[in-house]
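Enquirer: requesting a structural model of the entry that follows:
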Amino acid sequence: MEMKKNGEERKETPAYTGEEIGYRQQMIMQCIWEAGEAQTVNEIIDRLEDKCGQRFAASTINTLILGLLKKGYLRQGEKRGHAYLYEAAISEERFRQEEIRRFRRISFGGSASGMVTALLKDEELNEEDISEIRRILEKYKGGKEREK
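Expert: Predicted structure coming up:
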């Protein structure tokens, strides 16, 4: 237990596990990343309603947040009034990279070329997307450092 300056006890946040999270948990993370700062449960509920037109019960969001805390995706911060603030423990970029690796491993047997081929066959790609993909491939082909 960690002791806060106001005398409250608070559990330490577990280390990030890399464990897969569900769609609703991803939506919570997206709300926090988009806000750019720690959020209360009610702020998360409001953002989710704006994003998907559905109002979630606080108990549902609390359950999802508990899972994110246990897996190390979130940290519980200070209180704002009577509500705890929750902040991302990993960056959105790190999350995306790990999700892409997981997807590539599961869906394409680890083959990056298989994944890119499937993406290029997608009929929703427009010329602008294809041009950007070419530019990125040329950058890597030229031995330039990967974007972080």
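Enquirer: quick one: low-confidence parts of the chain?
Expert: 1-13, 143-148 (pLDDT under 70).
Enquirer: residue ranges of each domain in the protein, please.
Expert: For the chain, automatic domain parsing gives the domain ranges 2-90, 93-141.
Enquirer: so which bits of the lengthiest helix in the chain are buried?
Expert: Looking across the chain with DSSP state H, the single longest helix is helix 92-108. By 16 or more other C-beta atoms under 10 Å, the buried positions in helix 92-108 come out as Phe95, Arg104. In this view, the C-beta of every residue, glycine as well, is placed from N, C-alpha and C.
Enquirer: show me what the next helix or strand after that helix is packed against.
Expert: Scanning forward in sequence from helix 92-108 by DSSP states H and E, the next helix or strand is helix 112-120. Here helix 112-120 touches helix 92-108, going by 3 or more C-beta pairs under 8 Å, 6 or more residues apart in numbering; DSSP states H and E.
Enquirer: follow-up on the earlier one: most tightly surrounded among the domains of the chain?
Expert: Compared across the domains of the chain, domain 2-90 shows the largest average neighbour count, a mean of 15 (mean count of other C-beta atoms under 10 Å).
Enquirer: that older thread, the longest helix of the chain - contacts with which helices or strands?
Expert: Short answer (3+ C-beta pairs under 8 Å, 6+ apart): helix 92-108 packs on helix 23-35, helix 112-120.
Enquirer: and the contacts of that helix?
Expert: 18, 20, 29-30, 33, 73, 110-112, 114-115, 118, 148 (C-beta atoms under 8 Å, 6 or more residues apart in numbering).
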